[in-house]
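In: return atomic coordinates for the entry below.
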Amino acid sequence: MADETENPTDHGLHVFDSGGESRPVVLIHGWPLSHRSWSEQTNAIRDAGYRVVSYDRRGFGDSDPGDSYDYDALAGDLDNVLSDLDLNDVTLVGFSMGGGEVARYVARHGEDRLHSVVFAGAVPPYLLKSDDNPDGPLTKDAAKEMRDDLETDRDAFFDDFTTKFFSAGDDLKVTEEQRQEAIALCKRSDQDAALGCMDAFGTTDFRDDLTKITVPTLVIHGDSDGIVPFEGAGKRTHETVAHSELVLVEGAPHGFNVSHADEFNRALVEFLQQ
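Out: Down below sits the predicted model:
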């Protein structure tokens, strides 16, 4: 296997690539983290025989900020990564906000490069609660409160957010060291990018995008996710993508790729091997 690399691209995105000629798995991180939030998955996927590619979303980690943070732009960034590396027969794995890139990529760019897709604790089909979307788990008041809190005090917001991110109910499911590592990733986000992406994942309707998916699909979600509740997100995605496989991880919070890494990795690798 070729030496792994981490490099900026011509499009201002910082990309990690384990290298090699194996079938590629592209990991798309959640908000407001970076590709380093996949540290519990990278070796497991690579050891199973796959090429691992991940990147920092525009304005996060080591990637440059962008001039737009809507999902058309973000899906365009994903398309640039796949095109620049000439990746084919790809499995896209979108965690949380990253699931939106997966859905929008398929809708705008098609499935020619794809082998399969994974929605992991992901935001589709549509978070914002409205008359047209009564099952949306995010109220307008809650969305405004989140935005106001981030604008008012980033440090306090990230401290509270990461606690909820890794908690099932009141029970923190990771070590304090792991939570602090996540806070450090959050703090590297550009503020305009963080706010723009918050607006995007909270208000974008992916319901029509999901109907375009025909490749094999895994929906994996924690049953105790307090950030993106299963009933309002993963369950509905599974129902919309009729051929999808569902794995519900018991007692798992939103950040279950860290808290329940063994179960997460086992389900992901088993899906990749199908």
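
In: gap between the closest residue to residue 59 other than its chain neighbours and residue 73?
Out: Nearest non-adjacent residue to residue 59, counting by Cβ to Cβ, 6 or more residues apart in numbering: residue 193, 2.3 Å away. Every C-beta, even on glycine, is put in place using the N, C-alpha and C of the backbone. Counting by Cβ to Cβ, to the nearest Å, the gap from residue 193 to residue 73 is 11 Å.

In: can you give me the strands for the protein?
Out: In the chain, the strands defined using DSSP state E lie at 5-8, 14-17, 24-28, 51-55, 90-95, 114-120, 167-168, 171-172, 217-222, 245-249.

In: list the contacts for the residue nearest to residue 59?
Out: By Cβ atoms under 8 Å, 6 or more residues apart in numbering, residue 193 lies in contact with 57, 58, 59, 60, 65, 66, 69.

In: in TSV, list these along with neighbour count, distance to residue 229 and pLDDT.
Out: Below are these laid out as TSV (neighbours: other Cβ atoms under 10 Å; distance: Cβ to Cβ, whole Å; pLDDT from 0 to 100):
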residue	neighbour count	distance to residue 229	pLDDT
57	28	23	98
58	25	27	98
59	22	26	98
60	27	24	98
65	15	30	97
66	22	29	96
69	22	24	98
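
In: double-check residue 238 against residue 246; I have them as touching.
Out: Yes. Using Cβ atoms under 8 Å, residue 238 is in contact with residue 246, at 4.6 Å.

In: how close does the closest residue to residue 35 other than its chain neighbours get to residue 104?
Out: Of all residues not flanking residue 35 in the chain, residue 54 sits nearest, at 3.9 Å (Cβ to Cβ, 6+ apart). To residue 104, residue 54 is 18 Å away according to Cβ to Cβ.

In: got it, and residue 267?
Out: Per Cβ to Cβ, residue 267 is found 24 Å from residue 104.

In: neighbour count winner among those two?
Out: Per other Cβ atoms under 10 Å, whichever of residue 267 and residue 104 has more neighbours is residue 104, with 25 against 19.

In: ok, the more buried one touching residue 72?
Out: Yes. Assessed by Cβ under 8 Å, residue 104 is found in contact with residue 72 at 6.7 Å.

In: for residue 113, phi and psi?
Out: Main-chain dihedrals, residue 113, degrees, to the nearest 10: phi -90, psi 0.

In: do you know how far it is from residue 210?
Out: Going from residue 113 to residue 210 by Cβ to Cβ gives 18 Å.

In: next one: residue 255
Out: 23 Å.

In: also residue 187?
Out: From residue 187 to residue 210 the distance is 33 Å (Cβ to Cβ).

In: of those two, which one has the most company?
Out: Of the pair residue 187 and residue 210, residue 210 is the one with more neighbours under other Cβ under 10 Å, namely 24 against 11.

In: report how many residues lie close to the closest residue to that one other than its chain neighbours.
Out: Leaving aside its sequence neighbours, residue 210 sits nearest to residue 240 (Cβ to Cβ, 6+ apart; 4.5 Å). Residue 240: 19 surrounding residues under other Cβ under 10 Å.

In: hmm, back to that, quickly list what's touching both of residue 193 and residue 73.
Out: Shared contacts of residue 193 and residue 73 (Cβ under 8 Å, 6+ apart): 58, 66.

In: low pLDDT regions in the stretch 51-200 of the chain?
Out: Within the stretch 51-200 of the chain, no stretch has pLDDT under 70.

In: quick one, what contacts residue 190?
Out: Residue 190 sits next to 59, 60, 65 when contact means Cβ under 8 Å, 6+ apart.

In: make that residue 73, sorry
Out: Taking Cβ under 8 Å, 6+ apart, we find residue 73 in contact with 58, 66, 67.
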